[in-house]
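**Q** coords below, sequence missing:
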């Protein structure tokens with residue numbers, strides 16, 4: 001079975017829904033032909049000349065790049081302009097590009113959730129939770145003979161989906177009563193007297209953006225003049241969707257000891273620190289990439305430390321004033337592990353595809369070797 005770019009992009013939308021992305025972001029399938037066949041997928045942090053060259057060389061049909069291409073307005077896409085040369089190369093080879101970016105940061109199994117696992121944090125929850133989409137329970141009362149038609153219409157309009165299951169419903173038999181006035185034409189019984197009819201109470205869930213269409217479909221397929229329909233909003237409990245994460249260690253540890261463990265967990269990343277290395281740490285907040293704006297939120301939630309990729313100078317002063325430890329681990333070090341995790345997730349979802357994280361991608365920042373150790 002040949003997969004298409006659109007199929008993989010559709011799975012990515014389910015894994016990291018675009019509604020989780022920040023308003024300023026540019027996510028989704030950004031480059032290429034959705035109907036193009038794909039046999040190989042490469043993940044990377046950023047589309048660069050190195051990663052684009054690797055994708056073309058290895059025959060990738062799709063790149064899933066964490067950072068979006070064409071993030072800012074671009075007036076020229078030319079092979080002799082460094083910023084757009086990789087795109088020209090990908091266009092020639094027919095390689096598509098999809099980017100989940102901040103939607104992936106905030107996804108239930110996204111980059112920040114992965115950082116928590118690597119750091120040994122438990123009971124992790126979003127720092128800034130994102131509510132799920134509005135959902136309703138639709139209840140309709142119908143004759144047994146109407147069941148199939150009513151359900152078919154509702155399902156076709158978008159009701160009845162629970163996770164990866166579709167056409168979900170529940171029915172309870174019962175007895176309904178009605179008294180039709182002079183202007184009515186009852187499907188069963190007669191007007192002018194109270195009737196008791198064997199009916200089914202049929203229930204199904206419905207996303208908010210499909211509610212009007214589902215109600216219209218039910219009415220169109222129902223045999224009654226005035227179908228009895230109830231609509232109930234469903235409260236979505238807080239889940240794992242949201243920006244940043246905060247969790248706790250199994251037990252308190254000195255800040256310096258935790259920082260050394262964090263460096264090892266992130267592949268030996270060189271860290272910059274703010275705070276007393278001896279202070280006990282138990283609650284830790286994380287935000288990948290340029291996440292220093294979570295500092296105040298982390299402090300409000302009782303975190304002793306915020307680990308992020310980048311921090312501005314005045315934010316480091318703010319951390320010191322708040323008494324919150326700050327670990328600046330580097331943009332690449334905090335996000336590249338998520339790119340590797342994503343390759344594994346795509347491979348699990350599509351066993352027939354060859355999926356790998358870019359092998360040629362490297363951190364553009366290097367550490368000057370200590371001459372005393374040479």
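**A** Sure thing, it's come through. For clarity, every value in this text was computed on a predicted model and none was experimentally measured.

**Q** and the nearest residue to residue 277 once chain neighbours are set aside, what element?
**A** The shortest distance from residue 277 to any non-neighbouring residue, by Cβ to Cβ, 6 or more residues apart in numbering, is to residue 256 (3.3 Å). C-beta: built from backbone N, CA, C; applies to glycine. Using DSSP states H and E, residue 256 maps to helix 255-265.

**Q** just checking, what packs against the longest helix along the chain?
**A** Ranked by residue count and defined by DSSP state H, the top helix of the chain is helix 331-349. Contacts defined by 3 or more Cβ pairs under 8 Å, 6 or more residues apart in numbering; DSSP states H and E place helix 331-349 against helix 5-15, strand 40-44, helix 111-119, strand 354-357.

**Q** and these, which is most packed in?
**A** Among the helices and strands packed on helix 331-349, strand 40-44 has the highest mean neighbour count (mean count of other Cβ atoms under 10 Å), at a mean of 25.

**Q** Got the phi and psi for residue 83?
**A** phi -70, psi -30 (degrees, to the nearest 10).

**Q** I meant residue 170, not that one.
**A** Dihedral angles (degrees, to the nearest 10) for residue 170: phi -140, psi 140.

**Q** Relative to residue 159, how far out is residue 212?
**A** Distance, residue 212 to residue 159, by Cβ to Cβ, to the nearest Å: 12 Å.

**Q** likewise residue 50?
**A** Counting by Cβ to Cβ - residue 50 and residue 159 are separated by 47 Å.

**Q** Counting neighbours, go ahead and name the busier of those two.
**A** More crowded of residue 50 and residue 159, by other Cβ atoms under 10 Å: residue 159, with 27 against 17.

**Q** Isn't the more buried one up against residue 204?
**A** Yes. Residue 159 is within contact range of residue 204, at 4.7 Å (criterion: Cβ atoms under 8 Å).

**Q** got a list of what the residue located most distally from the centre of the chain touches?
**A** Largest separation from the mean C-alpha position in the chain: residue 192, at 55.9 Å (Cα atoms, centre = their mean). Taking Cβ atoms under 8 Å, 6 or more residues apart in numbering, we find residue 192 in contact with 179, 180, 181, 182.

**Q** If any of those residues are buried, give me the PyMOL selection for them.
**A** Those of the contacts of residue 192 that count as buried under 16 or more other Cβ atoms under 10 Å are selected in PyMOL with:
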select buried, resi 180
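
**Q** on that earlier part again, and residue 21, which of the helices and strands packed on helix 331-349 is closest to it?
**A** helix 5-15 (10.8 Å; Cβ to Cβ).

**Q** what's in contact with the helix or strand that that closest one is followed by?
**A** Sequence order places strand 28-31 as the next helix or strand after helix 5-15, per DSSP H and E. Contacts to strand 28-31, defined as Cβ under 8 Å, 6+ apart, come from residues 5-6, 9, 13, 18, 68-70, 87, 90-91, 96-99.

**Q** Return the list of strands paired to strand 28-31, each annotated with direction.
**A** strand 96-99 (antiparallel) (DSSP bridges).

**Q** And the top strand by length along the chain, how far out from the chain middle?
**A** Across the chain, the longest stretch assigned as strand under DSSP state E is strand 194-207. Remark: strand 194-207 is offset 36 Å from the chain centroid, using Cα atoms, centre = their mean, to the nearest Å.

**Q** List the buried residues in it.
**A** Quick answer for strand 194-207 (16+ other Cβ under 10 Å): 197, 199, 200, 201, 202, 203, 204, 205, 206.

**Q** The last one contacts residue 133, doesn't it?
**A** No. Between residue 206 and residue 133 no contact is recorded; they are 11.1 Å apart, counting by Cβ under 8 Å.

**Q** Disregarding residues adjacent in the polypeptide, which is nearest to residue 220?
**A** residue 153 (6.2 Å).

**Q** what about that neighbour, helix or strand, and which?
**A** helix 147-157.

**Q** ok, then the element right after that helix?
**A** Taking DSSP H and E, what comes next after helix 147-157 is strand 170-179.

**Q** That next one pairs with which strands?
**A** In its sheet, and by DSSP bridges, strand 170-179 pairs with strand 194-207 (antiparallel).

**Q** what angle sits between the helix or strand that comes right after the partner strand and helix 147-157?
**A** Using DSSP H and E, the next helix or strand after strand 194-207 towards the C-terminus is helix 211-221. Here helix 211-221 runs at an angle of 150 degrees relative to helix 147-157 (axes from the mean of the first three to the mean of the last three Cα atoms, to 10 degrees).

**Q** what packs against helix 211-221?
**A** strand 135-142, helix 147-157, strand 228-234.

**Q** Just name the most buried of these.
**A** Comparing these by mean count of other Cβ under 10 Å gives strand 135-142 as most buried, with a mean of 20.

**Q** how far does it sit from the chain's center?
**A** 28 Å.

**Q** Tell me what angle it forms with helix 147-157.
**A** Going by the same axes, to 10 degrees, strand 135-142 makes 160 degrees with helix 147-157.

**Q** ok, back up a step: I only care about the contacts of strand 28-31 that end up buried; give me the PyMOL line for that.
**A** Here is the PyMOL command that selects the buried residues among these (16+ other Cβ under 10 Å):
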select buried, resi 5+6+9+13+68+69+70+87+90+96+97+98+99
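
**Q** who touches residue 199 in this structure?
**A** 141, 142, 143, 144, 173, 174, 175, 176.

**Q** Kindly reformat those residues as CSV containing pLDDT and distance to residue 267.
**A** Listed next are the contacts of residue 199 as CSV, based on pLDDT from 0 to 100; distance: Cβ to Cβ, whole Å:
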residue, pLDDT, distance to residue 267
141, 95, 60
142, 93, 60
143, 94, 64
144, 94, 62
173, 95, 61
174, 95, 62
175, 93, 67
176, 89, 65
